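>>> Okay, predicted coordinates and the sequence, questions at the end:
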Amino acid sequence: MTDDTLLRFPNADDMVRALSDETVSRLTASVSSRGAASLAVSGGTTPGILFDALSMRSAPWDKVSVTLSDERWIAPDRDGSNEKLVRTRLLRNAASAATLVPLKTPDASPAAAEAKVDATISAMPRPFDVMLLGMGDDGHTASLFPHSAGLDAALDLAKPNLVQAIHADTAVATGERMTFTLRAILGSKLIVILIRGDEKLATYRKAAAGTDIHEMPVRAVLNQTQAPVRVYWSP
């Protein structure tokens, strides 16, 4: 991983403007070429301002399917639900015409819903046109948390599944989650990792310099050549 992967912006507004331009351009081109487009997004605190900007952009949203890279196994109307974040910040204004493909089902656990959700994600237009990820200070991305139960299976490219139940029990997260597998993440035309602040920049540099994917699972995304990765950073 070389530093040309890292795109640095002087402020969040410039970063959001550049990334929303890139995203809309790719979605529009995909609709023109294959009649449909797909966008996978993350939750967390950073993507909200990007969602606000994208929601106002002119794009063929009625032919765009939007899904989530991971989800907490909680009701979709609860705070902390990534689905709620996407519905309230992205799928409004012009982007209200897009179709949401959620990861949360009424099943009691993500493990019980794996096959059902995998079939739903498999039916989306793929490869994903843009895969928007975040990165935690612990080096997790999506819900691929260090040493979590289910992590080995989620990182195994020999397995065909696109989603994996994960039990997170770390300093930054606990509970049952559904996450995209590494196979699903790498099945993208472009992977974007969106981060802000000096601490996240230091985390990125540590991840890019190391190889232990169980210590920092984001390394499995950074240290591969199957799909292009761009890290968008601002203070």
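Perfect, I can see it now.

>>> hmm, who's touching stretch 112-122?
Stretch 112-122 has contacts (CB atoms under 8 Å, 6 or more residues apart in numbering) with 67, 101, 103, 105, 107, 110, 161-165, 178, 180, 184. In this view, the C-beta of every residue, glycine as well, is placed from N, C-alpha and C.

>>> In strands only, show me those residues.
T67, V101, V163, Q164, A165, M178, F180 (DSSP state E).

>>> Now do the contacts for the fifth one.
With contact set as CB under 8 Å, 6+ apart, A165 has these partners: S109, P110, A111, A113, E114, G150, E176, R177, M178.

>>> between these, which is closest to G43?
Using CB to CB, R177 comes nearest to G43 of the contacts of A165, at 10.4 Å.

>>> returning to that earlier point: any idea which of the ones in strands among the contacts of stretch 112-122 is closest to G35?
V101 (16.9 Å).

>>> Tell me the predicted confidence for the residue nearest to that closest one when sequence neighbours are not counted.
Leaving aside its sequence neighbours, V101 sits nearest to T67 (CB to CB, 6 or more residues apart in numbering; 4.1 Å). With respect to pLDDT, T67 has a value of 98.

>>> wait, T67 sits on A40?
Yes - using CB atoms under 8 Å, T67 makes contact with A40 at a distance of 5.2 Å.

>>> remind me, longest helix of this protein?
helix 12-34 (DSSP state H).

>>> which other residues reach that one?
If you take CB under 8 Å, 6+ apart as the criterion, helix 12-34 is touched by 7, 9, 36-39, 49-50, 53-54, 57-60, 63-64, 125, 129-130, 132, 189-190, 192, 194, 196, 232-235.

>>> Which other helices and strands does whatever helix or strand comes next after it contact?
Where DSSP states H and E defines the elements, the next helix or strand beyond helix 12-34 is strand 37-41. Here strand 37-41 touches helix 12-34, strand 64-68, strand 130-133, going by 3 or more CB pairs under 8 Å, 6 or more residues apart in numbering; DSSP states H and E.

>>> Neighbouring strands - and their directions - for strand 37-41?
The partner list of strand 37-41 in its sheet, established with DSSP bridges, is strand 64-68 (parallel), strand 130-133 (parallel).

>>> mean confidence score for it?
98.

>>> Work out the gap between it and the centre of the chain.
9 Å (CA atoms, centre = their mean, to the nearest Å).

>>> how about that strand as PDB, C-alpha atoms only?
What follows is strand 37-41, C-alpha atoms only, in PDB (Å, rounded to 0.1, in the frame of the first residue of the first chain):
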ATOM      1  CA  ALA A  37     -26.000   1.000 -10.200                       C
ATOM      2  CA  SER A  38     -25.100   0.000  -6.600                       C
ATOM      3  CA  LEU A  39     -23.700   1.800  -3.600                       C
ATOM      4  CA  ALA A  40     -22.700   0.300  -0.300                       C
ATOM      5  CA  VAL A  41     -22.200   2.700   2.600                       C
END
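
>>> angle of that strand against helix 12-34?
Orientation check (axes from the mean of the first three to the mean of the last three CA atoms, to 10 degrees): strand 37-41 against helix 12-34 gives 150 degrees.

>>> now what about strand 37-41, what contacts it?
Residues from elsewhere that reach strand 37-41 (CB under 8 Å, 6+ apart): 23, 26-28, 30-31, 47, 51, 60, 63-69, 86, 90, 98, 124-126, 128-132, 180, 188.

>>> quick one on the thing from earlier: are any of the contacts of stretch 112-122 buried, and if so which?
Buried members of the contacts of stretch 112-122, scored by 16 or more other CB atoms under 10 Å, are 67, 101, 103, 105, 110, 161-165, 178, 180, 184.
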